[in-house]
Structure formats: C-alpha cells, structure tokens
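K.L.:
Below are the sequence and a predicted model; questions follow.
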Protein chains: 2
Amino acid sequence: VKRVLLTGAGGFIGRHSIDELLARGYEVHSVGRHPFQFEVAARVTHHIVDLLIDHEMESLVDRVKPSHLLHLAWYAVPGKFWTAVENLDWVGSSLRLLRAFASAGGRRALLAGSCAEYDWEYEVLNEATTPLRPRTLYGEAKCALRTLAGSAAPSLALSLAWGRIFWLYGPHEASGRLVSDVARAMLRGEPAKCSHGRQQRDFLHVADVASAMVAVLDSDVVGAVNIASGKSCAVRDIVEEMAEIIGRTDLPQFDQASFSPNEPARLVADIVLLKDRVGFRPRFELGAGLANTIDWWRQEISGNAHE
Amino acid sequence: VKRVLLTGAGGFIGRHSIDELLARGYEVHSVGRHPFQFEVAARVTHHIVDLLIDHEMESLVDRVKPSHLLHLAWYAVPGKFWTAVENLDWVGSSLRLLRAFASAGGRRALLAGSCAEYDWEYEVLNEATTPLRPRTLYGEAKCALRTLAGSAAPSLALSLAWGRIFWLYGPHEASGRLVSDVARAMLRGEPAKCSHGRQQRDFLHVADVASAMVAVLDSDVVGAVNIASGKSCAVRDIVEEMAEIIGRTDLPQFDQASFSPNEPARLVADIVLLKDRVGFRPRFELGAGLANTIDWWRQEISGNAHE
C-alpha cells in the first residue's frame, strides 16, 4: 500500500493535491493545524497537528508510518513570506520531519522548493545548469533545506525529490497575489491597478502544479525538478486576457503600481525533466486556466454576496 | 551587565571559554545535557538542558535573558560528525535558539563555524574572497546555518558573528584525533602510527581558540572570522616535535595510516581579520602549545594510573 503523509493539506497546492493522490491509489493522511473545511475531508484521514511542535510531529509520523511524504507546508503569508524569520522555523522542522519520516520507514519524499532558489540573472532556469543564488530569506531557506536534505538522503535511505515551483494561480488563491486580486477587482467592476506589466513570468494553474507534484512523487526521479509551464507570459497579457474573459477591457490600469527595477524582465522554467523524465502534461493552457479561475471567483463572490 | 549564554560548555572549546568570558566581565550561564565535572563549575550558573528539545531550550533562554550568546554546541563525535544526520538536528535547533535569543532581548551572538565550509581547492582561506563549497554534510550544515542566520540577523536585530574554526589541539581533547592519539600513544611508549604526514594544516591551541572566540564575541565584528594561527604546519612536523618533547623519537611511524588522495596538500587561514579587526594575539606558539598539551596528557595518564 502507498500511504502518503501530505503536509500543508489546507494550503493552495495542498488542497488541489488530494484528488491527484487518491487518483493514483494513495491512502492519504493529511496534516494541518486546522480541521478541513472542504468537501474532500471524508476521503482522507486528517490529523490536526502543528508541525512546528517537534514531539507532536514525531508522534504523528510514528503512528501513521507513511511510505511517501509530500511536504508542502511552509510559512506562506503573501507579501511577508519573502523575508519572514518564520522561514528559519520551517527549515528546522522540515529537517526534523524528514528524519522522523525516515525513522518510521518512509522511503520516498517530495519537498516543495521554489524558483526563488535560482540566480535570476538567468532567464531560462534549468535544474542542472543554472546557478543557485537566492535573493531572499525565503529562497535561501528553501535552498539550504534542499542542500541538506539532498546530502542526507543516502544516509536516511530516502529517495528524495524537490519540486521547484514557479508562479501559479487558480481557485482558492489567497488575496495579495496577481490573479486573485485582479480577478476579484474586475468581477466587482473595480479598476485593476497593475505595474507596467511587461515582466514575463512562467505561470501554471494550481491544479496542474498539484498534479505535477504528485506525478513527481509517484516517479523515481530524484533531485530538483522544475514545476512550471515552460512558457513565459507578460503579466500585462495575463491581465488583458482576464479582462477579455470578464468582458471589462476598460478596467486594467497599468503603470499604477510600483515595480522594482531590480526585478528581472523575464523568467521561464526549462521543463524537459518534468515533461520527458516524469512524463507530465498540463491540463490547462493559460487561457483556459484563467477562464476556469475566473469562473471559480465568480461563484465565490456571488456565494459570499448571498451570505 | 553582560550576560552570556554559553552552549557546549562541557565540550573541548566550551570548557576553555569559561575563564576567558569571566576575565572579560561576563556573567556566565552555561548549558549542557550533563552536570559539570570540573573545577570552574562554581563560577558559572550551569543549566542542565537538552538544546534539541525546543520547549526546554526556549524556556531556559526566556528565564536567563542573555545579552550575549556563544553557541558552540553541536554533534561532535570524532570520525562520525562529518557525515552524521545529527548535523540536520543542529541546524534546526540552532536556528530556533537564535530566534529565542532574539525574542528574549539578546543582541550579540557568535556561532561556531568551520573551515570545512570553504572550497578546499584553495590553499589560503579568506572570509571574503574564498568560495564556500563544503564537501561534507557537516560543512554543508554549518554553511547553511551561517547563510540563514546571517540573512535573518537584521530582522532579528542581532549583531551576529561567525567563527570559522580550523584545526585545534590541547588539554581535554577527545580521543580519535591527531594530537590526543599521538600524545597518549607515545607517553605510553607505544608506536604512533600516522599517514605520510606531509599534508599541511593550520593548528591552534584550544585555549587560544577559546580566547579568540571570546574576543570576537566581545568585539563588534559581524560576519565570518577565521579562528586559526595563520600558519600551516606539516602533520609530520607536529608528530616529530611531540616525539622530541617526549624524548621518544623512535616512536613515530609514518606511512602506517591511510590518507585519501582527495585530501588537500595544504590549508591555511588568512587571519588578517582576527588579528587586525579583532586585535587577537595567541598565547601559544605551536611548540609551546604542544609542550603544554603533553604536560597535561602526562598528568592525565599518571592520574588515571593511580585510580
């Protein structure tokens, strides 16, 4: 039996991962600080545990004895997470979690990394050839965790993979992020204030991010794997596409938000490894993904309006 | 009042640090898993706490409210520490300790790093110019801790220094290390089996290591500082010097222990920072330091013989 411990199960990627795990035949044990408030709760065994409290985490892992680990939990408050000292806590607790997982007989783990580990002087980011040079404490924390986990994996007898997640969007996204803020503003008929929007990034629908992560977990690929679309798109084009879908091309307002000159003009993932070694294909092209996301926000907003 | 929390107080460098701290006017709170078994115990406040148990550590720091932190504790079993997965635990608990220290009002911290962080393709190792490229999990763990602690220090309002400790020797050294093993063998009249001994390393007497660490702590220097003599010496010369002091030049046997061809021929610290910015001067030249160490081992061995 494949028994997976899923951390961060209530988070943006986590909640989208559950169906993917179930579809691949995993017995799913999710862990989070809060009870589940959504429909899949009945199909998983959910454990209410704070992973930052070592002995609680260790006792959980010892009870569940998972064969697989999908570790998504991290400090993720939009805007704050880049520099928060909480990043340090998650390095430590993730290392402890890996140790506990290995001690309890776990053999295959996938941890969530980030494109923020790479040197953003490069445009096309490749797992094997692009240097790592994080600019933020978040990126440094992820980078340090990967280095240490990767080096310790043989001693822990773990097959370890590391998913470098790029930009993403989709249903259930927190506010304070591009697609969620723009979608809600425009659906309410409010102007969507953006930067110049010429910067190009690599965006993937969260359902595809979750699906790609589970595909990596279910493979035997070790080391870092980019989790992305492999295509870059200007932020401006994304906002204009959303305005088209919503039918309010009057609402986008560019050059109304600051954009640091230090931010790179273009970042895109090399996804040969994800495509060819893992065999992953995304479900959503960008246009379809945005349409799907706007549908969800429309229901969310009208649902809230009825409350 | 300068109140220092000293971790690893029962260890090789820790026990030599206490007098240095007291001499500079610190109120010393030491912490370790065991009671002190040596003479200075009465001059410090010793706390029996396992730093790897977060809530015990946090409660201690909150009670003591140290202004200074000298963090030496780590997994240090000779031979094993290079690759042990326990290195991961110490990264996590050191980060938690720093956070707790800052929360309790701590302002100045010195952590123990290692020359194993550097790229050993270089012979002369400088804090600012030599690339970091650890070859071992121990080196990677220290390197990761320094990166994260250094990046988080401004957010934690900490003045943070990092002592990169090179080779050392002296009283109370654990067995399984060069000077301790050779001294004991020769004092017992047994042959001292060594490698070819032509590799050159930078050795400093442990009392000077402790004194240098405390000098750095007591300074306002931030970032990495090499803790070393700045001179390299062939291992063969050290062994022959010890044989001279003991009067048994018949006992050294070279080419009787393996030496990996991957080990670098020469490693020496650049100590401009320690000498000029910190103003540190060592008490022991190598010859005097070895004589002092052999005296100590002689007493230790005859003491044990009387038991």
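P.N.:
Sure, I can see it. Everything quoted here is computed from the prediction, not taken from an experiment.
K.L.:
number of nearby residues for the residue lying closest to A:Ile165 once chain neighbours are set aside?
P.N.:
Excluding its sequence neighbours, the residue lying closest to A:Ile165 (Cβ to Cβ, 6 or more residues apart in numbering or on different chains) is A:Ile227, at 4.7 Å. Any C-beta I mention is one placed from the backbone N, CA and C, and that applies to glycine too. A:Ile227 has 32 neighbouring residues, counting by other Cβ atoms under 10 Å in any protein chain shown.
K.L.:
and A:Ile227, what does it touch?
P.N.:
A:Gly163, A:Arg164, A:Ile165, A:Phe166, A:Leu204, A:Val209, A:Ala212, A:Met213, A:Val216, A:Ala269, A:Leu274 (Cβ atoms under 8 Å, 6 or more residues apart in numbering or on different chains).
K.L.:
How about A:Ser114?
P.N.:
Counted by Cβ under 8 Å, 6+ apart, A:Ser114 has contacts A:Tyr138, A:Gly139, A:Lys142, A:Arg164, A:Ile165.
K.L.:
Can you spell out which residues form a bridge with it?
P.N.:
A:Ile165 (DSSP bridges).
K.L.:
mind checking pLDDT for it?
P.N.:
At A:Ser114, the model reports a pLDDT of 98.
K.L.:
mind checking how far A:Trp82 is from chain B?
P.N.:
Counting by Cβ to the nearest Cβ, to the nearest Å, the separation of A:Trp82 from chain B is 11 Å.
K.L.:
for A:Ala207, same thing?
P.N.:
33 Å.
K.L.:
Helix, strand, or coil at that residue?
P.N.:
helix (DSSP: H, G, I helix; E, B strand; the rest coil).
K.L.:
Can you get me a residue count around it?
P.N.:
22.
K.L.:
where does chain A have low pLDDT?
P.N.:
Within chain A, the stretches with pLDDT under 70 are A:37-41, A:305-307.
K.L.:
tell me which element whatever residue of it ends up closest to chain B is part of?
P.N.:
For chain A and chain B, the shortest gap (Cβ to the nearest Cβ) falls at A:Gly92, measuring 2.7 Å. Per DSSP states H and E, A:Gly92 falls inside helix A:86-103.
K.L.:
residues contacting A:Arg298?
P.N.:
By Cβ under 8 Å, 6+ apart, the contact list for A:Arg298 reads A:Leu187.
K.L.:
Contacts only, for A:Gly79.
P.N.:
Contacts of A:Gly79 by Cβ under 8 Å, 6+ apart are A:Gly176.
K.L.:
Let me know the distance separating it from A:Lys142.
P.N.:
Here the criterion is Cβ to Cβ, to the nearest Å. By it, A:Gly79 lies 17 Å from A:Lys142.
K.L.:
Which stretches in the stretch 1-150 of chain A count as helices?
P.N.:
A:12-23, A:54-64, A:86-103, A:137-152 (DSSP state H, counting those that start in this stretch).
K.L.:
any chance of the ones you listed in a markdown table, with mean neighbour count and distance to B:Ala152 too?
P.N.:
Below are those laid out as a markdown table (neighbours: other Cβ atoms under 10 Å in any protein chain shown; distance: least, Cβ to Cβ, whole Å):
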| stretch | mean neighbour count | distance to B:Ala152 |
| --- | --- | --- |
| helix A:12-23 | 21 | 25 |
| helix A:54-64 | 17 | 20 |
| helix A:86-103 | 23 | 6 |
| helix A:137-152 | 24 | 6 |
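K.L.:
Adding distance to B:Ala73 as columns, could you present these in TSV?
P.N.:
Shown next, in TSV, are those (distance: least, Cβ to Cβ, whole Å):
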stretch	distance to B:Ala73
helix A:12-23	35
helix A:54-64	17
helix A:86-103	15
helix A:137-152	18
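K.L.:
Which stretch among the ones you listed approaches B:Gly8 most closely?
P.N.:
helix A:86-103 (18.2 Å; Cβ to Cβ).
K.L.:
between the closest one and helix B:54-64, how many degrees?
P.N.:
140 degrees (axes from the mean of the first three to the mean of the last three Cα atoms, to 10 degrees).
K.L.:
and helix A:86-103, what other elements does it pack with?
P.N.:
The contact analysis (3 or more Cβ pairs under 8 Å, 6 or more residues apart in numbering or on different chains; DSSP states H and E) places helix A:86-103 against helix A:54-64, strand A:68-71, strand A:108-114, helix A:137-152, helix B:86-103, helix B:137-152.
K.L.:
Among the ones you listed, which comes closest to A:Val221?
P.N.:
Here strand A:108-114 is closest among the helices and strands packed on helix A:86-103 (Cβ to Cβ), at 9.3 Å.
K.L.:
show me the contacts for A:Pro171.
P.N.:
Per Cβ under 8 Å, 6+ apart, neighbours of A:Pro171: A:His16, A:Val206, A:Ala207, A:Asn292, A:Thr293, A:Trp296, A:Trp297, A:Glu300.
K.L.:
Which of the three states applies to it?
P.N.:
With three-state DSSP as the basis, A:Pro171 sits in coil.
K.L.:
Nearest to A:Leu158, out of the helices of the stretch 1-150 of chain A?
P.N.:
When the helices of the stretch 1-150 of chain A are compared by Cβ to Cβ, helix A:86-103 sits nearest A:Leu158, at 5.4 Å.
K.L.:
Run the angle between the closest one and helix A:137-152 for me.
P.N.:
Using the same axes, to 10 degrees: helix A:86-103 against helix A:137-152 is 20 degrees.
K.L.:
related to what we said a few turns ago, now tabulate the contacts of A:Ile227 in CSV and tack on neighbour count and distance to B:Ala109.
P.N.:
Listed next are the contacts of A:Ile227 as CSV, based on neighbours: other Cβ atoms under 10 Å in any protein chain shown; distance: Cβ to Cβ, whole Å:
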residue, neighbour count, distance to B:Ala109
A:Gly163, 27, 34
A:Arg164, 24, 32
A:Ile165, 23, 33
A:Phe166, 24, 36
A:Leu204, 27, 41
A:Val209, 27, 38
A:Ala212, 27, 41
A:Met213, 27, 37
A:Val216, 23, 38
A:Ala269, 29, 38
A:Leu274, 27, 41
